[in-house]
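# What would the 3D arrangement of this be:
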Amino acid sequence: MKTIPVEEAIGMVLGHDVTRIAPGESKGPAFRKGHVIREEDIPVFLDIGKRHLYVLELDEGTVHENEAALRITQGAAGRGITLTEPKEGRVNLIADYQGLLKVNPAALSRINSIEAIAFASLKTDGIVFPGQAVAGARIIPLVCEEEKVRQVERICRNHAPVIQVKPFIPKKVGIVTTGSEVYSGRIQDKFGPVLRDKFGSLGCPVMGQTLVSDDIEMTVGAIRDYLHQGAELIAVTGGMSVDPDDQTPAAIRAAGGQVVTYGAPVFPGAMFMLAFIGDVPVVGLPGCVMYFRASIFELAVHRILAGETVTKADIVEMGHGGYCSGCAECRYPVCGFGK
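Next up, the predicted model:
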């Protein structure tokens, strides 16, 4: 730290906050510690009575906090991420569009093990929205060793991308609703409108909804009809329990479904089925999807629409965080469900 005349400070790093006082109006920082002084700042300093400033001299091998934060976040950010302008050694990462946030936790931990660097993110595999801040990096001191920045950049190159947003890929969806009570008209179907809203919010057009009774052959026929029409995802609702009359899992298998899982460690959503007929995912959705804002649908279907191949191991891992507390006012996705 050294003291120099204001006129000689251009390009140097301010070593202290500078306060501006407007009597009877305001009092606050005109410039904050760490600010890189520009030519246009000089008249402002002089107007508030500053003739000399404390400035930091950057030694060889050191980087200003703003430059360091920018380089680190540039290295970590993948697709779907925009960086904010660095301010006081911090840069935030902003989602460009709705999609699935993907974070490499191991790489993030390695970055945070380097002294003087702090990098935090939202949990991986959660839905994010355009303009949402999903992560932020901060340099703790005013200056950072160049080698530490290079260490982070190497980690980012070796594990790229550390943070990205996978866009949801619109798929044509066919809905098959089972249940003799709905098929016969004894009760009104309420599942279809819910799924239309859920898929619509994800950009997926619904080709149609077919009502069938609790009959395996009829359900198989409806599934195959959607396949012939070019469906890219089929959602089968109702009849997912182990009751003798619930034939949906058997029908999905009979239609040629290769089952990934029947059952998931997620509440709500335990009676979920995921199968594939060729490369078309078929999801058997339990009734809870109709009643809960967040369920197995949000954990499994979101990942499918982000282009991921959901495996049995992925479903098993959903048990950690897969319990909904049933809050009186649901605030999903701003909660711990699925995280």
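# helix, strand or coil for the spatially most central residue of the chain?
When Cα atoms, centre = their mean is applied to the chain, the residue found nearest the centroid is residue 101 (2.7 Å). Following DSSP: H, G, I helix; E, B strand; the rest coil, we place residue 101 in the strand state.
# okay, now the residue lying closest to it once chain neighbours are set aside: neighbour count?
Spatially, and ignoring its direct neighbours in sequence, residue 101 is nearest to residue 128 (4.7 Å; Cβ to Cβ, 6 or more residues apart in numbering). Where C-beta positions appear, they are placed from N, C-alpha and C, glycine not excepted. By the measure other Cβ atoms under 10 Å, the count of residues near residue 128 is 21.
# Now residue 128: phi and psi?
phi -130, psi 160 (degrees, to the nearest 10).
# quick one: it from residue 202, how far?
13 Å (Cβ to Cβ, to the nearest Å).
# does the residue nearest to residue 101 have beta-bridge partners, and which?
residue 99 (DSSP bridges).
# sorry, back to before: joint contacts of residue 128 and residue 202?
residue 98 (Cβ atoms under 8 Å, 6 or more residues apart in numbering).
# all strands of the stretch 101-250 of the chain, in order?
Under the criterion DSSP state E, counting those that start in this stretch, the stretch 101-250 of the chain contains strands at 117-121, 127-128, 133-139, 143-145, 163-167, 173-178, 206-212, 233-237.
# would you turn those into TSV with distance to residue 105 and mean pLDDT?
Shown next, in TSV, are the strands of the stretch 101-250 of the chain (distance: least, Cβ to Cβ, whole Å; pLDDT from 0 to 100):
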stretch	distance to residue 105	mean pLDDT
strand 117-121	9	98
strand 127-128	16	97
strand 133-139	12	97
strand 143-145	23	90
strand 163-167	10	98
strand 173-178	32	97
strand 206-212	35	98
strand 233-237	29	97
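# which one of those lies closest to residue 70?
strand 133-139 (8.9 Å; Cβ to Cβ).
# ok, residues contacting the closest one?
65-66, 68-69, 72-73, 76, 81, 89-95, 101, 103, 116-122, 128, 163, 165.
# Going through those, which ones are buried?
Burial by neighbour count, 16 or more other Cβ atoms under 10 Å: within the contacts of strand 133-139 this picks out 65-66, 68-69, 72-73, 76, 81, 89-95, 101, 103, 116-117, 119, 121-122, 128, 163, 165.
# still on that earlier bit, can you list the strands of the stretch 101-250 of the chain in a markdown table and add distance to residue 296?
Output for those, formatted as a markdown table (distance: least, Cβ to Cβ, whole Å):
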| stretch | distance to residue 296 |
| --- | --- |
| strand 117-121 | 24 |
| strand 127-128 | 14 |
| strand 133-139 | 23 |
| strand 143-145 | 44 |
| strand 163-167 | 19 |
| strand 173-178 | 16 |
| strand 206-212 | 19 |
| strand 233-237 | 12 |
